[in-house]
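1. after the sequence you'll find the predicted model.
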Amino acid sequence: MAYRFIAARSSSLVRWRLVIKRCVRLLLVAALLGSAGAHLAVLQTFAWAKMTADFSRGDTMGRSVQKALDGRHPCGLCLTLKRASQNGASLETAAPGGRLELSSPSSAPRPARTEIAWALPVPSAFHQERVLPPDSPPPKEIHS
């Protein structure tokens, strides 16, 4: 009876580990795609789909797809995405005022240097051991 409880508990732990492992992988992939700018491509695809749906209300499906993809009839989202891709969206969103400014370590302000004198007492036994010369090695045995 106790074995069934332990086996059921260990199998549920294994399942939770798999769930956590998959969530971590998903977050890593999302972070990688976000840093590469894939979110702009996803939003552009959404904008094209929305434009195609809007244009298809008054025109054929072929003409509405052509209008959505030709670039001569951009929507507000398309214009925003174009500006974001030209300005470097990953850097622009990191700093609220515009682009992220990075400075080199040589131009960064450094804290003032202060000298601290450490007055630590040195034990006399330790000091004497350091001053005395090392013991001579023991004589080697001579076998005849």
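-> Yes, it's here. Computed from a prediction, not measured in an experiment: that's the story for all the values here. Numbers count the residues shown, from 1 in each chain.

2. flag the helix or strand of the protein with the lowest per-element mean pLDDT.
-> Ranking every helix and strand in the chain by mean pLDDT, DSSP states H and E puts helix 89-94 at the bottom, with a mean of 44.

3. quick check, pLDDT for Ser107.
-> pLDDT for Ser107: 62.

4. again with Ala8
-> On the pLDDT scale, Ala8 is placed at 56.

5. could you do Arg17 as well?
-> So Arg17 comes in at 89 (pLDDT).

6. so it, which of the three states?
-> helix (DSSP: H, G, I helix; E, B strand; the rest coil).

7. quick one: it and Ser11, what's the gap?
-> Distance, Arg17 to Ser11, by Cβ to Cβ, to the nearest Å: 11 Å. Glycine gets a C-beta too; all of them are placed from N, C-alpha and C.

8. can you check Val29 too?
-> With Cβ to Cβ as the criterion, Val29 and Ser11 are 27 Å apart.

9. got it, and Asn87?
-> 51 Å.

10. higher neighbour count, the two?
-> Applying other Cβ atoms under 10 Å to Asn87 and Ser11 shows that Asn87 carries more neighbours, namely 13 against 10.

11. let me see the domain layout of the protein.
-> 1-36, 37-90 (automatic domain parsing).

12. weakest of these by average pLDDT?
-> domain 1-36 (a mean of 80).

13. which stretches of this protein form helices?
-> Along the chain, counting by DSSP state H, helices occupy 2-36, 38-55, 61-69, 76-87, 89-94, 124-131.

14. and the second one with helix 76-87, angle?
-> Right, the one you point to is helix 38-55. 150 degrees (axes from the mean of the first three to the mean of the last three Cα atoms, to 10 degrees).

15. buried sites along helix 38-55?
-> 39-40, 43, 47-48, 51-52, 55 (16 or more other Cβ atoms under 10 Å).
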